[in-house]
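K.L.:
Got a predicted model here, sequence first, then my questions.
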Amino acid sequence: MSQFTDRMIHAAKLDPKLYEEIEKDEKAMGQAMGVVMLSSLAAGIGSIQNAGISAIFIGTLTALISWYIWAYLTYWIGTKLLPEPETKSNPKELLRTIGFSSAPGMIRIVGIIPGLTWITILIGGIWMLVAMVVAVKQALDYSSTFRAVGVCLIGWVIQLGIMVLLFSLFGTSKPSM
């Protein structure tokens, strides 16, 4: 199995050691972007019957923008607003670890089966959020899972507001989260 595939599997298994490895691996940025793109492609394919072929392109672009925004928000919230004494990080570490937290989103491809679209979106979204908490906890060197949850929730609310603003500016009715 390739290193990339193995890392995606361990990320989906919520393996804290994998997120520590990704945090330290400065060469993993391309892989992190690949995970975000594959996850969004899976979501686009899984919802193609409801959203059409354009969902693949729009979804991938949205996912990349969201990933970037959320990583920088998480960095700022986690290191400036809610740091622990041991917290030290940089935006690239968050981009890498948060990118890999998109791995569980691969399940959304199952949504192509009629009747399973919304359940796979829900399961994938919750699983990715839990993976993000693990990723943030590791990247920010937190001892508290609750603090990582708080950082993720604050970042999610702000990021959602930014995405709604972007979608309203570009004339698209609603973002698909």
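P.N.:
On my side now, so go ahead. Numbering: from 1, shown residues only.
K.L.:
hey, let's count contacts and neighbours off CA atoms from now on
P.N.:
OK.
K.L.:
how much space between Ala63 and Ile22?
P.N.:
Look at Ala63 and Ile22: by Cα to Cα, to the nearest Å, they are 20 Å apart.
K.L.:
who's more crowded, these two?
P.N.:
Remark: of Ala63 and Ile22, Ile22 carries more neighbours, 28 against 22, as counted by other Cα atoms under 10 Å.
K.L.:
so that one touches Leu94, yeah?
P.N.:
No - with contact defined as Cα atoms under 8 Å, Ile22 does not reach Leu94; the gap is 9.5 Å.
K.L.:
Now stretch 44-55: buried residues?
P.N.:
Using 16 or more other Cα atoms under 10 Å as the test for burial, stretch 44-55 gives 44-48, 55.
K.L.:
what's the most distant pair in the residues you listed?
P.N.:
For the buried residues of stretch 44-55, with distances taken as Cα to Cα, the pair at the greatest spread is Gly46 and Ala55 (9.8 Å).
K.L.:
The residue nearest the centre of the chain and Lys24, how far apart?
P.N.:
By Cα atoms, centre = their mean, the chain has its centre lying nearest to Ser102, at 4.1 Å. Going from Ser102 to Lys24 by Cα to Cα gives 18 Å.
K.L.:
low-confidence ranges in the chain?
P.N.:
Scanning the chain for pLDDT under 70 picks out 171-177.
K.L.:
Can you spell out which helices and strands pack onto the longest helix seen in it?
P.N.:
Longest helix in the chain by number of residues (criterion: DSSP state H): helix 145-169. Counting contacts by 3 or more Cα pairs under 8 Å, 6 or more residues apart in numbering; DSSP states H and E, helix 145-169 packs against helix 54-76, helix 117-139.
K.L.:
how about JSON lines for these, with distance to Pro85 added?
P.N.:
Formatted as JSON lines, the helices and strands packed on helix 145-169 follow (distance: least, Cα to Cα, whole Å):
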{"stretch": "helix 54-76", "distance to Pro85": "15"}
{"stretch": "helix 117-139", "distance to Pro85": "13"}
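K.L.:
Among those helices, which comes closest to Val35?
P.N.:
Ranking the helices and strands packed on helix 145-169 by proximity to Val35 (Cα to Cα) places helix 54-76 first, at 10.2 Å.
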